[in-house]
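> Starting from these lines, generate the structure:
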Amino acid sequence: MKTATNFIFIALAFGLLNGCYSIEERSLPEAVEKKVASHIQAGRYNEALDSLRPYANKGIVDAQFSTAYVLLQRDGTNVDIRMVLDWLRKAGVQGDEASLQYLSDLYHWGWLNVPKDQKMAEMWANAIQNTNTIPECLRYERSIPRK
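Prediction:
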């Protein structure tokens, strides 16, 4: 399980550091990005979440994706995966490719007690190319029995 968690951390960090987003209204202000990065480097995850929360709640994709990342950093394998999935979904429904890919990966591998479901994994992966399928993904996801 630790290997899977480490992979997720690396993958999420890669997405954050490489600026997966280009649309201005989807991005965090630079000062907030720097503040969040500083908090994360110092292990002050709750402060990072406090900085992200107002932007995530406003629908800023970077903040939503970053909130999932910080929750994973803070809580590791003890993470409330429902919260992580919620933030990834919120960014994903806006077409965020990284969030859609992580949703796919979580269901593909069954990481962090997410039920392993290949159909769901494929649906999220397909949504990267066709965001019109996201409502169908959400409907199917609600039908999956939880662990």
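> rest of the way, CA atoms for contacts and neighbours
Will do.
> Tell me the buried residues in the helix or strand encompassing Arg82?
Counting by DSSP states H and E, the secondary-structure element that holds Arg82 is helix 81-92. Using 16 or more other C-alpha atoms under 10 Å as the test for burial, helix 81-92 gives Ile81, Val84, Leu85, Trp87, Leu88, Arg89, Lys90, Ala91, Gly92.
> try stretch 49-63
Counting neighbours by 16+ other C-alpha under 10 Å, one finds that the buried residues in stretch 49-63 are Leu49, Ser51, Leu52, Arg53, Tyr55, Ala56, Gly59, Ile60, Val61, Asp62, Ala63.
> From the chain's centre, how far out is stretch 73-91? Work that out for me.
For stretch 73-91, the separation from the chain centroid amounts to 7 Å (computed by C-alpha atoms, centre = their mean, to the nearest Å).
> again with stretch 97-105
For stretch 97-105, the separation from the chain centroid amounts to 7 Å (computed by C-alpha atoms, centre = their mean).
> Give me the mean pLDDT for it.
Stretch 97-105 comes out with an average pLDDT of 97.
> hmm, who's touching that stretch?
Taking contacts as C-alpha atoms under 8 Å, 6 or more residues apart in numbering, the residues outside stretch 97-105 that touch it are 15, 20, 65, 85, 88-89, 91-92, 120-125, 127-128.
> if you set the cut-off to 7 Å instead, what comes out?
Gly15, Phe65, Leu88, Ala91, Gly92, Ala121, Glu122, Trp124, Ala125, Ile128 (C-alpha atoms under 7 Å, 6 or more residues apart in numbering).
> now Gly43, what's its secondary structure?
Judged by DSSP: H, G, I helix; E, B strand; the rest coil, the three-state class of Gly43 is coil.
> for this structure, which residue is closest to the average position?
Against the mean C-alpha coordinate of the chain, by C-alpha atoms, centre = their mean, the closest residue is Leu88 at 3.5 Å.
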